[in-house]
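> fold the following for me, if possible:
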Amino acid sequence: MKSNPLSTILTTFLVVAFGWGSMYLITKGIEIMDQETILVKTIPQTAATLESSGQMPSAKITIESSSVSDNLTIMVGGDVMFDRGIRAIGERNSYDSLFDESIVSLFKKANIVAVNLEGPITSYPSKTLVNDKITDVLTFTFSPRTRLTLKDAGITIVNLANNHVDNLNFLGFMETQDWLEDAGILWFGNPWNSTSTKMSREKTSATKSPIATVIEKNGVTVAFVGYHSFQLGIDRVIAEIKRVSGPNVFTIVMPHWGEEYTTIPSAKMKSQTQAFISAGADAVIGAHPHVIMEQEWIGDVPVLYSLGNLLFDQYFSPDVMVGNIAELHITRDGSGVHLDRMSLHENHLIKGKGVSLEQEKVIW
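Residues are numbered from 1 along each chain as shown. Predicted coordinates for the structure are as follows:
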């Protein structure tokens, strides 16, 4: 039978149109899935299912939301002191010069920057720098100007659980909170390991107590817990660790402990570390010895017994003039919150100037 030319042309047009339309739909479908980050899993149906449904052999498609991960970068530095020789440098050269640009640039890359603030911020005159002369007094107080120095350096939270924050007693501790709040800087811990609501200007809540502060950023929750080992109350600190920790919280415990200028942690420090980890600590990062102490991993928990000095007027040995800044990358995914990687930066004190950054060492 002779074919009809018009019929042939019409048939060819329909085939081409159908093919083009199919390709268009498939392409657009892929684009939509890419835009919405959708995972498509193909699950072959069993023969029994096909027989019961009467369908032709095909594939069953299920659409699931992709797994979302949130990330947070935290920097933790060592001891920071703004009185005595550091006050002299600040008043002579300006407080803005104390943290070198290399330190500031590093801190500004982080979401949270924590340090141990080794003294109170008050309006009282210095007892360690009198008439431009340094005295032998060990009672510290920092100029209110230093709150802006901390803020401008990128520091966002400070540990107040140490042996100098109470140098001007309870009133000095409370005034310190006022100056920090004025600069928008958070704090945690106190010299007495107290849980009393009278210790804080802020109301005690699930996210804030005189010992612990909980922060949520970028979908990641982090808890900071302070401990002053030269006072009673470790039981209260451990109770706070248990209260704030959990699979969806990364808990950093910052104890003020150890013997000054000693690099090896004591048996007591190691025992307390085990107690912190058992209570839920995900990292233990200490201060007070003014030198870098031994570092180790206990399971998947990094333990840095002392980071050494970040900003201090100690220059009598190479050990006190070098410190570490810990950089932690925290991730939250379907399994909870965990440490992705960690590195250490080395900072050096510069006599008559302040502190600068030297190098980075990746430890995990």
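
> please report how far the closest residue to Tyr315 other than its chain neighbours lies from Val214.
Leaving aside its chain neighbours, Tyr315 sits nearest to Lys351 (4.8 Å; criterion: C-beta to C-beta, 6 or more residues apart in numbering). All C-beta atoms are positioned from the backbone trio N, CA, C, and that covers glycine. Note on Lys351: its distance to Val214, by C-beta to C-beta, to the nearest Å, is 39 Å.

> more neighbours, these two?
Using other C-beta atoms under 10 Å as the criterion, Lys351 and Val214 rank with Val214 on top: 20 against 11.

> quickly find the element holding that one.
Assigned by DSSP states H and E, Val214 belongs to strand 212-217.

> do the same with Asn324
If you go by DSSP H and E, Asn324 is part of strand 322-333.

> can you name every helix or strand that that strand contacts?
strand 70-80, strand 220-228, strand 301-304, strand 309-311, strand 336-350, strand 354-362 (3 or more C-beta pairs under 8 Å, 6 or more residues apart in numbering; DSSP states H and E).

> mind running it again at 6 Å?
In terms of contacts (3 or more C-beta pairs under 6 Å, 6 or more residues apart in numbering; DSSP states H and E), strand 322-333 is packed against strand 70-80, strand 336-350.

> quick check: which of these is buried the most?
Highest mean neighbour count of the helices and strands packed on strand 322-333: strand 70-80, a mean of 24 (counted as mean count of other C-beta atoms under 10 Å).

> given that strand, what are its sheet partners and their directions?
In the sheet, strand 70-80 lines up against strand 112-117 (parallel), strand 309-311 (parallel), strand 322-333 (antiparallel) (DSSP bridges).

> of all those, which one is nearest Glu358?
Taking C-beta to C-beta, strand 322-333 is the member of the strands paired with strand 70-80 nearest to Glu358, at 7.9 Å.

> how about that closest one as PDB, C-alpha atoms only?
The C-alpha atoms that make up strand 322-333 are tabulated as PDB, following Å, rounded to 0.1, in the frame of the first residue of the first chain:
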ATOM      1  CA  VAL A 322      55.100  31.700  73.900                       C
ATOM      2  CA  GLY A 323      51.500  30.500  74.000                       C
ATOM      3  CA  ASN A 324      49.000  28.600  71.900                       C
ATOM      4  CA  ILE A 325      45.700  29.600  70.400                       C
ATOM      5  CA  ALA A 326      43.400  26.600  69.800                       C
ATOM      6  CA  GLU A 327      41.200  26.600  66.700                       C
ATOM      7  CA  LEU A 328      38.300  24.200  66.800                       C
ATOM      8  CA  HIS A 329      35.900  23.500  63.900                       C
ATOM      9  CA  ILE A 330      32.600  22.200  65.200                       C
ATOM     10  CA  THR A 331      30.000  20.500  63.000                       C
ATOM     11  CA  ARG A 332      26.400  19.600  63.600                       C
ATOM     12  CA  ASP A 333      24.900  16.800  61.500                       C
END
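
> ok, residues contacting that strand?
By C-beta atoms under 6 Å, 6 or more residues apart in numbering, the residues outside strand 322-333 that reach it are 69-78, 219-220, 250, 292, 307-310, 340-345, 347-348.
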